[in-house]
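> sequence below, structure please.
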Amino acid sequence: MTARRRIEDYALIGDTQTAALVSRDGAIEWMCAPRFDSPAFFASLLGEEDHGCWRIAPRSRARRVERRYRKGTLILETDFHTSTGTVRLIDFMPPRDGVPDLVRVVEGVSGRVEVAFTLRPRFDYGRLRPWIRQSDVRDWLAVAGPDSLGLYAPVKLDCSGTDILGTFPVEKGDRIPFVLTWSPSNRPMTPAVKGLRELDSTERWWRRWIAHCTYRGIYEDAVTTSLAVLKALTYEPTGGVVAAPTTSLPEEPGGTRNWDYRYCWLRDATFTLYALMMNGFEKEARAWRDWLLRAVASDPGRMQIMYGCAGERQLHEYELEWLPGFEGSVPVRVGNDAARQFQLDTYGEVLDLLHQARVMGIPSEESAWSLQRRLLDWLELNGARRDKGIWEVRGKERFFTHSRVMLWVAFDRAIRGAERFGLEGPVERWRAFRDELRHEVLTRGYSSTRRAFTQSYGSKELDAAVLMIPLVGFLPATDERMVNTVRALERELLDHGFLRRYRNRDVLEGLGDGTEGAFIACSFWYADNLVLQGRQKEARRLFERLLSIRNDLGLLAEEYDPVGRRLLGNFPQAFSHVALLNTARHLAGEGPAHHRRKAGSDG
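Predicted coordinates for the structure are as follows:
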């Protein structure tokens, strides 16, 4: 049962349009098709096996299980050591040229092992049991409503109602490929790809891609794994990067804070651009910039904080009451109503990304400056509004300090763009607005009694989001106010060596009682500040502590419980891996903050 597992027990495979999670015991427990945000046909991650899974594993209990990715790829190898021999399961998804394929190769390593096969497809997030029959084109075909799955299986299997079952022996040297393909049910199922051939070509594809990586240093394995995760979470047809491939993995096991992260957040924009560009992936960075331009190309007042993979705006949130949730964490949600929130900081992210893209030499779209000016015109009229802030609170709106800093960023980048690239605009008016914002943040956002930047104006609460102040160039990290702020955060938000977002969670979010783990990206931002303050040894120790909480495959979720020593939240999380990539660069003296300083973006 999934409820007895931990989030770190899962591995990610993907084809840059959707993804699957594979458990340590050989079960694929989550997969949506044809996109990240499509309904899942394997949903046992959020329920029981009868909500959909595909298990291939030894019939007898394995004495030991080992797993790894082939170097530079997301091809997963899992070795099951049993009393009669060792069998290897190789899982991967070929980069897609049409419909998605999921390939599983069973390989005999030593001895002779009886392997059990169980395929339980359940469409519409585990709600629909399909009609299964044998087919001329595929060995088996499962159909329900608009979806169909075709299975190629080179061994004898049987159908038991709505499951496909079987056992088969595997001896040393055997290589048995299984191919599962999703297709719209109104279209003919295509012949199966050649699994072993696709294994070789997929490995070559990943190796060619990762060869573009320019990072050279002691953290190369962590960097390349994080880059592979970022690539896997990119929706290739549009360039959008989803926050995670999952929904409703809990921030608190058994709690209600379970959100759908299968969408593209604008907040991730600039640091995702840096993570890609600074590590040699200009093509992906440009595609991300272009996706953002298309997504926000509308009335500035209707700009959302997140969009679908292709820029869709309708992300209506609803609950899947038939799923009992991961470790009983309900409700299970699909869609995300936070898309309708007003979050002022997002405008700063957009304008920062477009400016930094120019600075980094990404060819600029002619219309981009026109869009930026429209956003700035709107911000001049609406910048005095309270908002929901970076953490998407579902309580009341406030003047969040981080949001006000990011509003400053919006005007600062416009001014610098006009000055550096000769772009036309009311620079003096923008300069006056920017200077007024700076004075506002320094007088209302910094508490002389708390000796720290606070969460919001008039609040005594601390918030790790203010660690972004030096990272976006508002103040140097060595400014006395930032030094004091970091010390205050260390005293009040540091928990077992990891930084929490804030303490006033229930009041802020309006969701009642609840706890959460340490937000992993915040601890990376803390490390970035330590680097910029000259506390290199402490920063490196913190970075290596953060590397130690990754699972055995190098994957990170959104949060970490330092007491229970477990990952929490949707998994794997792009924001955490982007933060890892940028901190690795800061430690090398070439991170985003160093780049901004060289480019003249200090406040």
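> could you use CA atoms for every contact and neighbour count after this?
Fine.
> host element of the nearest residue to Leu165 once chain neighbours are set aside?
What sits nearest to Leu165 in space, not counting adjacent residues and going by C-alpha to C-alpha, 6 or more residues apart in numbering, is Thr118, at 4.8 Å. Remark: Thr118 resides in strand 101-120, with elements defined by DSSP states H and E.
> tally of neighbours for the residue nearest to Val563 when sequence neighbours are not counted?
Spatial nearest neighbour of Val563, chain neighbours left out: His496 (7.7 Å); criterion: C-alpha to C-alpha, 6+ apart. When neighbours are counted by other C-alpha atoms under 10 Å, His496 registers 10.
> what average pLDDT does stretch 145-154 get?
Taken as a whole, stretch 145-154 carries a mean pLDDT of 96.
> the one helix or strand Leu151 maps to packs against which elements?
Assessed by DSSP H and E, Leu151 sits inside strand 147-152. Packing partners of strand 147-152 (3 or more C-alpha pairs under 8 Å, 6 or more residues apart in numbering; DSSP states H and E): strand 140-144, strand 175-184.
> okay, the angle between the shortest one and strand 175-184?
Orientation check (axes from the mean of the first three to the mean of the last three C-alpha atoms, to 10 degrees): strand 140-144 against strand 175-184 gives 30 degrees.
> strands of the stretch 201-350 of the chain, start to end?
Counting by DSSP state E, counting those that start in this stretch, the stretch 201-350 of the chain has strands at residues 234-235, 240-241, 264-265, 306-307, 318-319, 333-334.
> ugh, wrong one, the stretch 1-150 of the chain
11-14, 19-22, 27-32, 40-42, 53-58, 64-69, 76-81, 85-92, 101-120, 131-134, 140-144, 147-152.
> kindly export the longest one (C-alpha atoms) in PDB.
The one in question is strand 101-120. The C-alpha coordinates for strand 101-120 follow below in PDB (Å, rounded to 0.1, in the frame of the first residue of the first chain):
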ATOM      1  CA  ASP A 101       5.500   5.400 -24.800                       C
ATOM      2  CA  LEU A 102       6.600   3.900 -21.500                       C
ATOM      3  CA  VAL A 103       9.200   1.200 -21.800                       C
ATOM      4  CA  ARG A 104      10.200  -1.400 -19.100                       C
ATOM      5  CA  VAL A 105      13.000  -3.900 -19.800                       C
ATOM      6  CA  VAL A 106      13.500  -6.900 -17.500                       C
ATOM      7  CA  GLU A 107      17.100  -8.000 -17.600                       C
ATOM      8  CA  GLY A 108      18.600 -11.200 -16.100                       C
ATOM      9  CA  VAL A 109      21.800 -10.400 -14.200                       C
ATOM     10  CA  SER A 110      22.400 -13.700 -12.400                       C
ATOM     11  CA  GLY A 111      20.700 -16.900 -11.500                       C
ATOM     12  CA  ARG A 112      17.000 -17.500 -12.300                       C
ATOM     13  CA  VAL A 113      14.200 -15.300 -10.900                       C
ATOM     14  CA  GLU A 114      10.500 -15.700 -11.200                       C
ATOM     15  CA  VAL A 115       9.000 -12.300 -12.000                       C
ATOM     16  CA  ALA A 116       5.400 -11.200 -11.400                       C
ATOM     17  CA  PHE A 117       3.600  -8.800 -13.800                       C
ATOM     18  CA  THR A 118       0.500  -6.800 -12.800                       C
ATOM     19  CA  LEU A 119      -1.000  -4.100 -15.000                       C
ATOM     20  CA  ARG A 120      -4.000  -2.200 -13.500                       C
END
